[in-house]
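Participant: Everything below, folded, please.
(chains A and B)
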Amino acid sequence: MHTFYNVVSGPLAWIAFILFFGGSIYRIVRMLMLVAEKEKFIFTYMSWRYSLRSILHWIIPFATVSWRRQPVLTVITFAFHACLIATPLFLLSHVLLWDEAFAISWWTLPDAVADVMAIIVILGAIYFLARRLTQPDVKFITSASDFVILAIVAAPFVTGFLAYHQWLSYPLVMCLHVLAGDIMLAAIPFTRLSHMLFSPFTRAYMGSEFGKVRHARDW
Amino acid sequence: MAGPLKKEKAGVVDEGIDVGISRLSEAKIQSVINGVIESETGARLKTYVETCIHCGLCSEACHYYLSHDKDPHYSPVGKVKQTIWEMLRKKGRVSPEFIRRAAIIAHTECNLCKRCTQYCPFGIDITYLMSVVRRIIHKLGVTPLYIQDTAHSHSVTMNQMWVKGDEWPDTLQWQEEEARVEIPDLRIPMEKEGADIMYSVIAPEPKFQAQLIYQAAIIMQVAGVNWTMPASVGWDNSDMAMFTGDNEIMGRLKRSHFETAARLKVKKIVMGECGHAFRSVYDMGNRWLGWSMPPFTIVHAIEFYHDLIKEGRIKIAKKYRPPITLHDPCNVVRGGGLHEKARYVAHALCENVIEMHPNREHNYCCCAGGGVINTGPPFKMTRIEGNRVKAEQLFVAKTKGAEVLVAPCHNCHSGLHDIVHHYEIGLDIKFFGDIIYEVMEKPAQAGP
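Facilitator: Numbers count the residues shown, from 1 in each chain, chains lettered A, B, ... in the order given. Just a heads-up that it's a prediction; the model follows:
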């Protein structure tokens, strides 16, 4: 178990971080190169003002008609995404690892709060799963990959939650937790989890087109 | 994953689609799909497809989806799944039957109205994805017959309605003559070099709505506008080629339009109450020709009337009495931001304006636009049944007292006419021009 832990938290973690950062940069650069190569006109229409105006509306809950029409989904998706990003970044035990390895540290969440946030992510994932299985329009467009990416995202939180509470076999769960984290990081640039990377760009482009050319709101 | 369509479209026979399909081989389909994707698409298609998280938030935006009791086949992303996703996933290896369905979806079950784009958290341009499908359908020769005929007319005559060279100036002179009964010194100035404005219309106006040219001439005359209309090709601003994915013809049309304006040395192009033509001249055609924005100032009728009223160049003798409700056409509202100007005009002309809901950028489409009405009789019921939600919206406006529906767009006008008739809503449909003509101050009529 020790060897397994050393592998997932050592070389595999390095690989995961390299794939995450390297892959993210690669994907964004490739996209921009493709724009330059085949659709250079897109740059002509980009506007900081309208890009930010659009992004701002869409990252605020209920600031768009679309969000307002789906109040339950809106609350859940915002809570899910916020906790998804904040929990691993500000978890005390994660920050301690950074401190041990590189002597860097930052502000941390109280463990009890982080625990609730992990539960929010898990419940959010269950909601999305149920939505996929029951809502006809979502079910119609669901493919296997949708379940896979949901599982990839949920796994670190489920295992993290179990590890924190020391339920089941702690050493095994801990190893699985680190492995799940590695997989999620590495998967972001190479699956549709890449919406994390690309959505600011697609949003900005549409915001620019609507603002600059069409003089209309895109929210 | 969901069951079959509630109502199979097998009954629909369209010669353009069905004869086209009979000529297809799988090899041809594959080479056309991959050819379009490789040589004509880039980061947009790739990023849109890879970023879509399959959340279904676009569904509620679509009038077809809402009108078909939330049948997932009609949700925007559902239509994307049934067309471009499959083409990409199978690398073009799809059957002729698949293409038949794709042609029907892209041409008759989507108006390219862009409402879904406003409901997607990522701003994925689903309209663009459907346009890529239409481009593939065009290159496969499977475009519905009626709209393809229109594109042929554009190609041969440079106008949408097979209007012959001599019929055009003849119609203008005829309308000038008619209008002179009302205002004896009225002119419809043809080929007037150096006029401030070139007024352009869509070909259905001379073909069967010549009274709109008459009304426009009266408005221009009374407002003292220095205007002209070309006698040559280039007068028609419409563009069904844009909707069939025939970008090359779209480019030829817009080049001819802009070059005509340049030849006449006008300052602006003012266009009649048409939405798709605005999209073509202001957004699509100019880009195809390499102009990031149009080479001329493009003024849609709504904005033109707004300015004339605001500047006091036309005065309202007596406001229009019957309560009106205002339809926001997608191409000039989501595509041009003219909704507040439209309201200014409406309130200036009419005593009572009753808002329908949703409105402005969020208004429901007429279900005629995007070339759907131009697919003709085989698909008439597709667009009427596909827009029950519009009928409901109009009915609410009617119960609040609206008697007249103002639709400042030709396609909306015709599509809404069918909806109002079919669902027996009982609203008169008018253009702004109709109302201005009725309520404006005119010089004392020449007595008999």
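
Participant: Tell me the pLDDT of A:L168.
Facilitator: Per-residue confidence for A:L168 comes out at a pLDDT of 89.

Participant: for B:K6, that is, sorry about that
Facilitator: pLDDT for B:K6: 48.

Participant: backbone phi and psi for residue 213, please?
Facilitator: This is for chain A. Per-residue torsions, A:V213: phi -100, psi -50 (degrees, to the nearest 10).

Participant: um, chain B though
Facilitator: Dihedral angles for B:I213 - degrees, to the nearest 10 - are phi -70, psi -40.

Participant: okay but it is in contact with B:P204, surely?
Facilitator: No: the pair B:I213 / B:P204 is not scored as a contact, 11.0 Å apart, by Cβ atoms under 8 Å. C-beta: built from backbone N, CA, C; applies to glycine.

Participant: Could you find the residue nearest the spatial middle of the chain?
Facilitator: Went with chain A since none was named. Using Cα atoms, centre = their mean, the residue of chain A that lies closest to the mean C-alpha position is A:M196, 5.7 Å off.

Participant: Let me rephrase: I mean chain B.
Facilitator: Mean-position check on chain B, Cα atoms, centre = their mean. Result B:H276 at 2.9 Å.

Participant: Looking at the stretch 201-350 of chain B, which residue is nearest chain A?
Facilitator: Nearest residue of the stretch 201-350 of chain B to chain A (Cβ to the nearest Cβ) works out as B:G337 at 2.8 Å.

Participant: Would you list the phi and psi of that residue?
Facilitator: Main-chain torsions, B:G337, degrees, to the nearest 10: phi 60, psi 30.

Participant: show me the contacts for it.
Facilitator: Listed by Cβ atoms under 8 Å, 6 or more residues apart in numbering or on different chains, the contact partners of B:G337 are A:R214, A:H215, A:A216.

Participant: would you list every one of the helices in chain A?
Facilitator: A:2-9, A:11-38, A:41-45, A:48-58, A:65-69, A:71-90, A:92-102, A:111-134, A:136-141, A:144-164, A:170-187, A:195-208 (DSSP state H).

Participant: again with the stretch 251-400 of chain B
Facilitator: Secondary structure of the stretch 251-400 of chain B (DSSP state H, counting those that start in this stretch): helices at B:275-279, B:285-288, B:301-310, B:330-333, B:339-349, B:380-385, B:388-399.

Participant: Can you get me a residue count around B:F258?
Facilitator: Per other Cβ atoms under 10 Å in any protein chain shown, the neighbour tally for B:F258 reads 21.

Participant: repeat for A:F140
Facilitator: Neighbours of A:F140 using other Cβ under 10 Å come to 21.

Participant: before we move on, what about B:E191?
Facilitator: 14.

Participant: Which pLDDT value belongs to the nearest residue to it once chain neighbours are set aside?
Facilitator: Counting by Cβ to Cβ, 6 or more residues apart in numbering or on different chains, the nearest residue to B:E191 once its immediate chain neighbours are dropped is B:A231, at 5.0 Å. For B:A231, the model assigns a pLDDT of 96.

Participant: Now do the same contact list for B:A231.
Facilitator: Here B:A231 is in contact with B:W168, B:P169, B:L172, B:M190, B:E191 (criterion: Cβ under 8 Å, 6+ apart).

Participant: Please indicate which of these are buried?
Facilitator: Neighbour-count burial within the contacts of B:A231 applies to B:W168, B:P169, B:L172, B:M190; the criterion is 16 or more other Cβ atoms under 10 Å in any protein chain shown.

Participant: Closest one to chain A out of those, please.
Facilitator: Nearest to chain A among the buried ones among the contacts of B:A231 is B:W168, at 31.2 Å by Cβ to the nearest Cβ.
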